[in-house]
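J.: Generate coordinates for the sequence data below:
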Amino acid sequence: MDIPLFRQTFPEFSDNAVYTDVLITFWSDLAECEINQDRFGCAYTAAVNLYTAHNISIAAQNIDQASFGGAPGTTGGAIQSKSVGSASVSYGDANSIVKDGGFWNQTVYGRNYMTLVNKYGQGCYQL
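T.: Just a heads-up that it's a prediction; the model follows:
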């Protein structure tokens, strides 16, 4: 993967301290192993980039969780409703999730990746 080009495509990952080259390389190398280039054809690079962006987003959440003394790798899913005093928040993502997307629905990058998977008929994408 061309990391400078990845950072230009996704400028939200330009912070080298949070999204290190090592982290990006780890996830992009795994993506290149798992994603069938023949099946994706001209969309292969986009699929690798979205897979990588999804996983480094999750990794950043884990790093953030650990920095506050939490257990990294734990998630409660998307907030549906929460109240603290008079303040409340509720997120509904029924219109934006990819059916049967599971883990990939945790980020917009994962949802976009799953959309590509469904369009290109990736078939089994996780064992």
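J.: CA atoms for contacts and neighbours, from now on please.
T.: OK.
J.: Now for the spatially most central residue of the chain: which residues touch it?
T.: Centroid-nearest residue in the chain: H54, 1.2 Å away (criterion: Cα atoms, centre = their mean). Taking Cα atoms under 8 Å, 6 or more residues apart in numbering as the contact definition, H54 lies against W104, T107, V108, Y109, G110.
J.: those strands in this protein, which residues are they?
T.: Along the chain, the stretches classed as strands by DSSP state E are 82-84, 87-89.
J.: ok, of the ones you listed, where does mean pLDDT dip lowest?
T.: Set side by side, the strands of the chain show their lowest mean pLDDT on strand 82-84, which sits at a mean of 67.
J.: And D64, how far from F10?
T.: In this structure, D64 lies at 20 Å from F10, with Cα to Cα, to the nearest Å as the measure.
J.: can you list the weak-confidence ranges in this protein?
T.: 66-83, 89-96, 122-127 (pLDDT under 70).
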